[in-house]
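Student: Any chance you can model this:
(one chain, ligands or ions: 1)
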Amino acid sequence: MNTAMIDQNIIDLNQLKRENYQFIYDAGKKGKLQCPVCKEPVRLYLGIEREPHFYHLSKRENCQDPIHKTAEPIAQNDEYIERNGFKIPISRSISTVETRTEFKNPKRISKLSPFTKKENNLSSLAHPYIQLLENEGFALDTNQGEAIVSTNGPLLVIAGAGSGKTRVLTARTAYMLHEEQIDPRTIMLVTFTAKAAAEMKNRLSHYPKMERKHVGQLLAGTFHSIFYRILAFHDRERWNSHKLLKKDWQKEQILKEGGRELNLDEKEFAYDLALQQIGFWKNSLCLPSQVRPESPWEEKVTFLYDHYEKTKSQQGLFDFDDMLLGCFQLFQENPSILASYQNRFQYFLIDEFQDINKVQYELIRMIASSGNVCAVGDDDQSIYSFRGSNPEYLQKFEKDFPNAKVVVLNENYRSTHEIVATANAIIQKNKERKPKVMHAQRSTSSAPMLFFPYDEEEEATMIVQDMQEKIEAGYRPSDFAILFRTNTGSRAVFERLANSSLPFTIDLDVEPFYERFIVKGMLSFLKLALDEEDQHAVRDILPVLFVKNSVLQDIKAESILKDCTILEALSAVKTGFAFQEKKLRKLVSVIRSLHALSPLTAIETVEREFGYGDFIKKRGNEGNKLDKGSDDIRDLKVVAKGFRSIAELLDHVAHMTAMNREIKNLSKELDDAITLSTIHRSKGLEYKVVYVLGAVDGSIPHDYALDSYRNGDMAALEEERRLLYVAVTRAMEELYLSIPDNRRGKNAHPSRFLAPVR
Ligand SMILES: Nc1ncnc2c1ncn2[C@@H]1O[C@H](COP(=O)(O)OP(=O)(O)OP(=O)(O)O)[C@@H](O)[C@H]1O
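Tutor: Here you go, the predicted model:
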């Protein structure tokens, strides 16, 4: 049906502005929609593949849309009109048609190269162990077999997504142990995560004729774990794990001490980004004295870097990056120690070589004097340049390890032809890459789908609806992944899932959206509109007003002495700066006026009246380039649009903050759950169905990459394209790319990366 009743009014989907769909959807969930014929409760269907329509909760199907007169456009003189206690937003009149955005039908990608079936090149290599592997169900193709048996000398395996590099690494190790009888203690297997190392050992122990004892003797782990073990062995006292700075806040504390010397404001200077920059320099083997700052910001960070290193060394502390740097120095200063390790380790297998950084590369060059290095990587999946990784090392490998053999794995065993062809078409536009075309093993009728929600909210609703339908049809929650470019991109989908009964997991380290500094500040203004005595809220608005934290004690005392609210006391503070006092003076009247406004207008009022933009600009300029403060406010406005009063919005925020904590605790225990993940974290994983959020310019490619591109730098844009490639190649059977019409309250345009397939 296209019609429903909300509080005695008929709403017709043919006349409803698209931006109201989510609002009506929510009203349905709250039981506020009725069938105009039978008066039973109905809901709005908002899914991916079928058009929006109303449906009866009882699944009744025989009601027909009544013929009705189009409702008169509702008066525009107030923000809301109240009908029987239910407020209808008239700033977004539900009955005007002229600016209605049509529901756009989803579209399957059709511009794809045709599928050609290749006979699976089962390895013709006459090695008994390879034959045995094949007989035991570990199928291998010729190139995989070639990579497995080439154990002497340097070998570079360029392994496209889903081409079985994990299988190659494990089978090669098994082959070395069993067929070549190589002493496991001479083999070093380096992986990107500790989980991957454990998984490889586990898989290895299931290979034919593998002895557990041998598998246990292999040295497998991340660069950090392996080289830290070496360091700790040589100087247990200095590298005692009690002295490790594990948490970012510990490191930031040291930076903040240095920042005080520069008079940097703790709330305004982006210490998190400074820390990331310091890590980048350390991993690039660039000591504080060697940094050549390129901006005033980098000058400050260089000063902090120097302070950080000195403090650590005075206090005998170290961080994760020091594990690699320390080992590099140990080898450099002690040739005999280096020689002993060169002697001990004869074979090296290194996974995810495209994400190696300078210090890791140099360590391998130092220790691998045998030359038996097998590096496996995919330049198209290099996505960690901000940490100092560089796919250039894949290119350098052939120079630095002369006579290296190169094997290319381009058979994709994970995904359908339609997904692989989409990925190929996207990545081929990158200029800095080794040319290769992935080839799939199977084809299907369901090509990847582009769908077009109105905005982030509708995007989340559609995806959750789609998953619900698929789960009813037999899929398991763990078949799904929802991937996003940055953590803030997951807010709407998190909220929709939190309000559903579907199990899901999300990364535990992510700062909840409503706790983000800029968002929290804005919400505090709204909180004060409801309670002028809210001390936490007053504390959180001080930075926005450029008032020092120390004033808080004075205001509290003032409010007791003068018997006024704490907000009134703040308003009367004398700072000695006329422009600031002017702003403070209007605090009470502006905040009291927010009451009568919708949350969206209230936020716009605070922005305008208190120069929120200036504050954000100041912080944003120095802030994290991925998540700008102004974007946070835009995201908050998208949320605010769905609520009719400040109290309702704040209730929702409190509920979601609590849910966030609860779900983080719960998700540890779930093993059959939907995955919500950044694209970065999804690397190496595979899912039957993948949804990619926000495939629009500004999201992917991210705005900062577009800015660099405008300034003539292609590198960031190419890395963004690799990110989309990684996201797309996680899907085994079905891929959905979401192209919302609006993002962060503005018109959005499909990602330029999709041009070859749209
Ligand atoms: N020769 C083969 N025949 C059939 N299936 C294979 C073969 N090689 C690997 N596979 C399967 O293909 C899938 C992808 O392999 P794997 O996870 O090792 O890929 P990958 O190269 O590590 O992928 P990515 O780099 O994209 O994370 C796995 O399910 C694996 O079991």
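Student: Now do the residue in the stretch 301-450 of the chain positioned nearest to the ligand: how many residues are near it, please.
Tutor: For the stretch 301-450 of the chain and the ligand, the shortest gap (Cβ to the nearest ligand atom) falls at Tyr413, measuring 3.1 Å. Using the backbone N, CA and C atoms, a C-beta is placed for each residue, glycine as well. By the criterion of other Cβ atoms under 10 Å, Tyr413 has 17 neighbours.
Student: List the beta-bridge partners for Leu219.
Tutor: Beta bridges link Leu219 to Met188, judged by DSSP bridges.
Student: OK, contacts around it?
Tutor: Contact analysis of Leu219 by Cβ atoms under 8 Å, 6 or more residues apart in numbering lists Arg185, Ile187, Met188, Leu189, Ile226, Phe345.
Student: where exactly do the strands run in the stretch 101-250 of the chain?
Tutor: With DSSP state E, counting those that start in this stretch as the criterion, the stretch 101-250 of the chain has strands at 107-108, 155-159, 187-191, 219-222.
Student: Redo these as TSV? Include mean pLDDT and distance to the ligand.
Tutor: Formatted as TSV, the strands of the stretch 101-250 of the chain follow (pLDDT from 0 to 100; distance: least, Cβ to the nearest ligand atom, whole Å):
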stretch	mean pLDDT	distance to the ligand
strand 107-108	96	23
strand 155-159	96	5
strand 187-191	96	11
strand 219-222	96	16
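Student: quick one: which of those is nearest His749?
Tutor: Among the strands of the stretch 101-250 of the chain, the nearest to His749 by Cβ to Cβ is strand 107-108 (15.8 Å).
Student: The closest one: partners in the sheet, and parallel or antiparallel?
Tutor: strand 449-451 (antiparallel).
Student: and the lengthiest helix in the chain, average pLDDT?
Tutor: Ranked by residue count and defined by DSSP state H, the top helix of the chain is helix 646-667. Helix 646-667 comes out with an average pLDDT of 88.
Student: Ok, stretch 536-556 next?
Tutor: 88.
Student: Which residues does that stretch contact?
Tutor: Contacts of stretch 536-556 (Cβ under 8 Å, 6+ apart): 265, 267-268, 520-521, 524-525, 527-528, 531, 535, 566-567, 569-570, 573, 575, 580, 583-584, 587, 610, 612, 615.
Student: Buried subset of these, written for ChimeraX?
Tutor: In ChimeraX syntax, the buried subset of the contacts of stretch 536-556 is picked out as below (16 or more other Cβ atoms under 10 Å):
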select :268,520,521,524,525,527,528,566,567,569,570,573,583,584,587,610,612,615
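Student: pretty sure Ser58 is in a strand, no?
Tutor: No. Assignment of Ser58 by DSSP: H, G, I helix; E, B strand; the rest coil gives coil, placing it outside any strand.
Student: roughly how far apart are it and the ligand?
Tutor: Look at Ser58 and the ligand: by Cβ to the nearest ligand atom, to the nearest Å, they are 43 Å apart.
Student: begin at 12 from here
Tutor: Okay, using 12 as the starting number, the last item reads as Ser69.
Student: tell me, what residue is most central in the chain?
Tutor: Thr689 (2.5 Å; Cα atoms, centre = their mean).
Student: Dig out what that one forms beta bridges with.
Tutor: In beta-bridge terms (that is, DSSP bridges), Thr689 pairs with Phe495.
Student: wait, doesn't it sit right on Asp518?
Tutor: Yes. Using Cβ atoms under 8 Å, Thr689 is in contact with Asp518, at 7.1 Å.
Student: which residues are in contact with both of those two?
Tutor: Asn498.
Student: Enumerate the residues of this protein near the ligand.
Tutor: 150-152, 155, 170, 172-178, 389, 424-425, 695, 740 (Cβ under 6 Å from any ligand atom).
Student: can you do 5 Å?
Tutor: With Cβ under 5 Å from any ligand atom as the criterion, the chain meets the ligand at residues 150-152, 172-178, 424-425, 695.
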